[in-house]
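Colleague: Quick check, what structure comes out for this input:
(chains A and B)
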Amino acid sequence: DQQVKQNSPSLSVQEGRISILNCDYTNSMFDYFLWYKKYPAEGPTFLISISSIKDKNEDGRFTVFLNKSAKHLSLHIVPSQPGDSAVYFCGFSLAGNNRKLIWGLGTSLAVNP
Amino acid sequence: KAGVTQTPRYLIKTRGQQVTLSCSPISGHRSVSWYQQTPGQGLQFLFEYFSETQRNKGNFPGRFSGRQFSNSRSEMNVSTLELGDSALYLCASSPDRADYGYTFGSGTRLTVV
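Modeller: Numbers count the residues shown, from 1 in each chain, chains lettered A, B, ... in the order given. Below is the predicted model of the structure:
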């Protein structure tokens, strides 16, 4: 049962343009949503998050959008920079004390100079 | 503040052997989760420990086991290694707060030959 889908395994964007990464989910019990970035040979690092009571959260060049009715999560990076080239994972948390994070398969973003 | 420390960074083992990986969480973090990352499979959840108890478990065979000590340090053991166990094994620690803060280590790259 695949509760999270990160349908684009890769994305290529020109420097200065917008990068949009997407995740779809099926479980309406998710209450917290996160984006992590991973460089090769390093562990994922936290990027930005949003709770289910919001539909948008901004942090500098990064904005996360949550569309609960469509069960869709997206990450916008504006403007994209070559240093943003990495694999991006969306993570979804189930409500309740027995917390568990469920991850998408990742999208490899390449920002070309 | 020290990050999450995983040892060793790299490991080469032979099929049939067993291996133990170690994770030292950030001081004060009581939750430790383990993930397997392989190309095309994203972050596969292995298990999570909280206060020395396994709180969540993924869909991995019994050859994969773990434990957590009173100081929150965690170990993961894989017995009877198979070629398909070659992967990057990541550990993440969290203070177990609702607003999260999973911090990943750099991982242990296991190669089974």
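
Colleague: any idea how far chain B is from residue A:86?
Modeller: Per C-beta to the nearest C-beta, to the nearest Å, residue A:86 is found 13 Å from chain B. C-betas here are computed from N, CA, C, even on glycine.

Colleague: show me what contacts the nearest residue to that residue once chain neighbours are set aside?
Modeller: Spatial nearest neighbour of residue A:86, excluding adjacent residues (C-beta to C-beta, 6 or more residues apart in numbering or on different chains): residue A:37 at 4.7 Å. Residue A:37 is in contact with A:44-45, A:47, A:84, A:86-89, counting by C-beta atoms under 8 Å, 6 or more residues apart in numbering or on different chains.

Colleague: In strands, which of the residues you listed appear?
Modeller: In this view, the contacts of residue A:37 that belong to strands under DSSP state E are A:45, A:47, A:86-89.

Colleague: doesn't residue A:94 make contact with residue A:30?
Modeller: Yes: using C-beta atoms under 8 Å, residue A:30 makes contact with residue A:94 at a distance of 6.2 Å.

Colleague: which one of the two has more residues nearby?
Modeller: residue A:30 (22 against 16; other C-beta atoms under 10 Å in any protein chain shown).

Colleague: check contacts around the residue nearest the centre of chain B.
Modeller: By C-alpha atoms, centre = their mean, chain B has its centre lying nearest to residue B:34, at 3.2 Å. Shown in contact with residue B:34 (C-beta under 8 Å, 6+ apart): B:23, B:45-48, B:66, B:74, B:76, B:89-92.

Colleague: hmm, try it at 6 Å
Modeller: The neighbours of residue B:34, taking C-beta atoms under 6 Å, 6 or more residues apart in numbering or on different chains as the test, are B:46-47, B:76, B:91.

Colleague: cool, residue B:38 as well?
Modeller: Counting by C-beta under 6 Å, 6+ apart, the residues that residue B:38 touches are residue B:87.

Colleague: Pull out the buried positions in stretch B:20-32.
Modeller: Neighbour counts over stretch B:20-32 (16 or more other C-beta atoms under 10 Å in any protein chain shown) mark B:21, B:23-26, B:29, B:31-32 as buried.

Colleague: Pass me the low-pLDDT residue ranges in chain A, would you?
Modeller: A:1-2, A:95-99 (pLDDT under 70).

Colleague: Up against chain B, what does it have?
Modeller: Proximity of chain A to chain B (C-beta under 6 Å from any C-beta of the partner chain) is limited to residues A:42-44, A:100, A:103, A:105-106.
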